[in-house]
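Chemist: Sequence first, predicted model second:
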Amino acid sequence: MPIIETTKEMMTPRKIPEYYWDASDWVGQHSIDLQREFPDHWIAVFDGQVVAAGKDLGEVRDEAEQETGVEDFYVEFIEGKPRFYPCSARFPCSG
């Protein structure tokens, strides 16, 4: 007997809304301004604007959901300064 019961609905992938991809593009186009305004913050973007921002992802998601009335919106962490990450199996060091 499986530990987790699955349903057909759980197995069917959902189509990601077009506005999600638009928001992703918008963040890329405005990344420098966003880095200046929201360093080291999570932002939620919907319809070409930041609808919520903060240090706590859960609070940002809740605020964005209340603001937009939808559950699917784009969320991204805006790093305040460049960071260098160690090597990993996925991204091995060269040399």
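Modeler: Arrived safely, thanks for sending.
Chemist: After the element among helices and strands of the chain having the smallest mean pLDDT, which helix or strand is next? Please name it.
Modeler: None of the helices or strands of the chain scores lower by mean pLDDT, DSSP states H and E than helix 8-11, at a mean of 67. Following helix 8-11 in sequence order, the next helix or strand is helix 18-29 (DSSP states H and E).
Chemist: who touches residue 40 in this structure?
Modeler: Each residue near residue 40 by CB atoms under 8 Å, 6 or more residues apart in numbering is listed here: 55, 77-80. Every residue, glycine included, has its C-beta placed from N, CA and C.
Chemist: Can you select the buried ones from those in ChimeraX?
Modeler: To isolate the buried members of the contacts of residue 40 in ChimeraX, using 16 or more other CB atoms under 10 Å:
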select :78
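Chemist: so which of the contacts of residue 40 comes closest to residue 48?
Modeler: Comparing the contacts of residue 40 against residue 48 with CB to CB picks out residue 78 as the nearest, at 16.3 Å.
Chemist: Look up how far residue 90 lies from the closest one.
Modeler: Computed as CB to CB, to the nearest Å, the residue 78 to residue 90 distance reads 23 Å.
Chemist: related to what we said a few turns ago, and the contacts of residue 40, which two are furthest apart?
Modeler: Greatest spatial distance in the contacts of residue 40: 55 and 79, 12.8 Å, computed using CB to CB.
Chemist: Name the residues of stretch 22-42 that are buried.
Modeler: 23, 26-27, 34-35, 38, 41-42.
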